[in-house]
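**Student:** got a sequence here, can you build the structure:
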Amino acid sequence: MAAFEYSAAVLDHYERPRNVGEATRANAHAEVRSDTHGDRLTLSLRITPDGIVEEARFRAYGCVVAIAAGSMLTEMLRGRTLAAAAGITDIDVARALGGLPATKLRCSVLAGEAIVRALEAFHTQEGVGR
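**Tutor:** Here you go, the predicted structure:
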């Protein structure tokens, strides 16, 4: 079993994840899964009519990094415009977590995929262009 050194932010978001659950009156939702490792992340957002992410919540099933990345992503999304939210990548999430061991970077990819899919679902549902 490999030992990893995680940043204080990773451990904090893993041990005390923020925004777990389903957003109230969510109008954007995504579920992504790693076929390789089985990690799964669901993301639900409530986006205001003027295009602000008012609430972001997640559920993650997987390793320390998958859970911490989901938690950090919700913190990063709240209060952002759709354009700013669309600009968040898995690398941004990893940086916000204080970096990740190279072998665990793949676990933060779900966060980047989830935001892309949730925003695509919102745009499809709302019938708006990007």
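**Student:** residue 80 and residue 65, how far apart?
**Tutor:** 22 Å (CB to CB, to the nearest Å). C-beta here means a position set from N, CA and C on the backbone, and glycine is covered the same way.
**Student:** now residue 26
**Tutor:** For residue 26 relative to residue 65 (CB to CB), the value is 24 Å.
**Student:** who has more neighbours, those two?
**Tutor:** Neighbour tally, residue 26 and residue 65, criterion other CB atoms under 10 Å: the higher count belongs to residue 65, 29 against 18.
**Student:** mind listing what's buried in the helix ranked longest in the chain?
**Tutor:** Longest helix of the chain, by residue count under DSSP state H: helix 109-126. Neighbour-count burial for helix 109-126, counted by 16 or more other CB atoms under 10 Å, picks out 109-119, 121-122.
**Student:** nearest to residue 75 among those residues?
**Tutor:** If you rank the buried residues of helix 109-126 by distance to residue 75 using CB to CB, residue 111 comes first, at 11.2 Å.
**Student:** isn't that closest one right next to residue 93, touching?
**Tutor:** Yes: applying CB atoms under 8 Å as the test, residue 111 and residue 93 come out as touching, 4.5 Å apart.
**Student:** between the two, what contacts are shared?
**Tutor:** Both residue 111 and residue 93 are contacted by 69, 72-73, under the criterion CB atoms under 8 Å, 6 or more residues apart in numbering.
**Student:** got CSV for these, with secondary structure, distance to residue 58 and neighbour count too?
**Tutor:** Shown next, in CSV, are the shared contacts of residue 111 and residue 93 (DSSP: H, G, I helix; E, B strand; the rest coil; distance: CB to CB, whole Å; neighbours: other CB atoms under 10 Å):
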residue, secondary structure, distance to residue 58, neighbour count
69, helix, 9, 33
72, helix, 10, 28
73, helix, 7, 32
